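Peer 1: coords please:
(2 chains)
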Amino acid sequence: MTARIGVVTFPGSLDDGDAGRAVRIAGAESVSLWHGDADLKGVDAVVLPGGFSYGDYLRCGAIARFAPVMSVLIEAAREGMPVLGICNGFQILCESHLLPGALTRNDSLHFVCRDQRLRIESPSTAWTSQYVHGQEIVIPLKNGEGGYVADERTLDELEGDGRVVARYLEINPNGSRRNIAGICNEAGNVVGLMPHPEHAVEELTGPSTDGLGFFASVLSLLVSAGSV
Amino acid sequence: MARVVVDVTLKPEILDPQGRAVQGALGRLGLAGVTSVRQGKQFVIELEGTLDADRRASLDELAATLLSNPVIEDFTLTVEDAG
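Peer 2: As a prediction, this is how the structure comes out:
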């Protein structure tokens, strides 16, 4: 038996298919989870995929955060279940207060879509153990509201505790404070990332296979923890 | 019928690129001296019956959770008509 990793579909999710495919390429079983069911189907970890849940109405992720599946997911995440929020998923994790701060409209006002160079700043999370500290990777970035903001005290705390998971290199594509592309919670099981590792898992369809490490990391954690 | 208005604005320290774009447009359209534009949202909520203390408390809570994000936004809640 292998690890079972859930991928949640909200109305307006776009990247649930690719996230499930990345999970399978990494060697785990992908399990579809539905926003309207307060049921995690016994999965070992969950990916909140990118897209435009509920049309991004109100604020990105603001309505998804109150979906029935989120009530059980928030509880499981607080108890240590690995959760990765990508793009819209990152926004949902911030709206759920599982991660501090918020994502705001890109400072350029333009939607940005590019292959983005990042530096992995923390390999000690559930989703980044397969990387080394300082490793540079290139994965796609595509967002309109990806500017990470938090107050100075929170930013200092994130930096001091090693909770900045990845930082933008070369350019800051969306005005994120301190070039932050991804962060994690205190325990390191919940990670939010604005760029898309699930689009960089195969030579044929991505700019690299650099994104596979996120999924391989959680798989190796689950296998070594003996939960599968 | 009761009517409540919730105004949501970005906190002053949060960059508002939309407001800045509007500020630029105002200048291009001939309005001189605009020093700042901040864009917000207004929710006009109508309710059946009267606004009792329980519903008022629910509205206060929802304004602070669903309608606004306290990390980046402030809100004001005004009861226009308690019904």
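Peer 1: could you give the mean pLDDT of the longest helix along chain A?
Peer 2: Ranked by residue count, the top helix of chain A under DSSP state H comes out as helix A:212-224. Here helix A:212-224 scores 96 as its mean pLDDT.
Peer 1: what's the offset of it from the middle of its chain?
Peer 2: Relative to the centre of its chain, helix A:212-224 is centred 14 Å away, using C-alpha atoms, centre = their mean, to the nearest Å.
Peer 1: got the contact list for it?
Peer 2: Contact with helix A:212-224 is made by A:2-3, A:5, A:22-23, A:25-28, A:44-45, A:82, A:84, A:125-131, A:137, A:191, A:193, A:197-198, A:200-201, A:228, as judged by C-beta atoms under 8 Å, 6 or more residues apart in numbering or on different chains. Every residue, glycine included, has its C-beta placed from N, CA and C.
Peer 1: Give the PyMOL command for selecting the buried subset of these.
Peer 2: To isolate the buried ones among the contacts of helix A:212-224 in PyMOL, judged by 16 or more other C-beta atoms under 10 Å in any protein chain shown, type:
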select buried, chain A and resi 3+5+22+23+25+26+28+44+45+82+84+125+126+127+128+129+130+131+137+191+193+197+198+200+201
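Peer 1: Could you measure from the single nearest residue of chain A relative to chain B over to B:S36?
Peer 2: With C-beta to the nearest C-beta, the shortest gap between chain A and chain B falls at A:A102, namely 4.4 Å. A:A102 is 21 Å from B:S36, where distance means C-beta to C-beta, to the nearest Å.
Peer 1: Give me the more crowded residue out of the two.
Peer 2: A:A102 (22 against 9; other C-beta atoms under 10 Å in any protein chain shown).
Peer 1: I'd assumed B:P70 was in contact with the more buried one.
Peer 2: No. A:A102 lies out of contact with B:P70 (C-beta atoms under 8 Å); the separation is 9.4 Å.
Peer 1: can you list the residues of chain B near chain A?
Peer 2: B:E13, B:I14, B:L15, B:P17, B:Q18, B:A21, B:L66, B:L67, B:N69, B:V71, B:I72 (C-beta under 8 Å from any C-beta of the partner chain).
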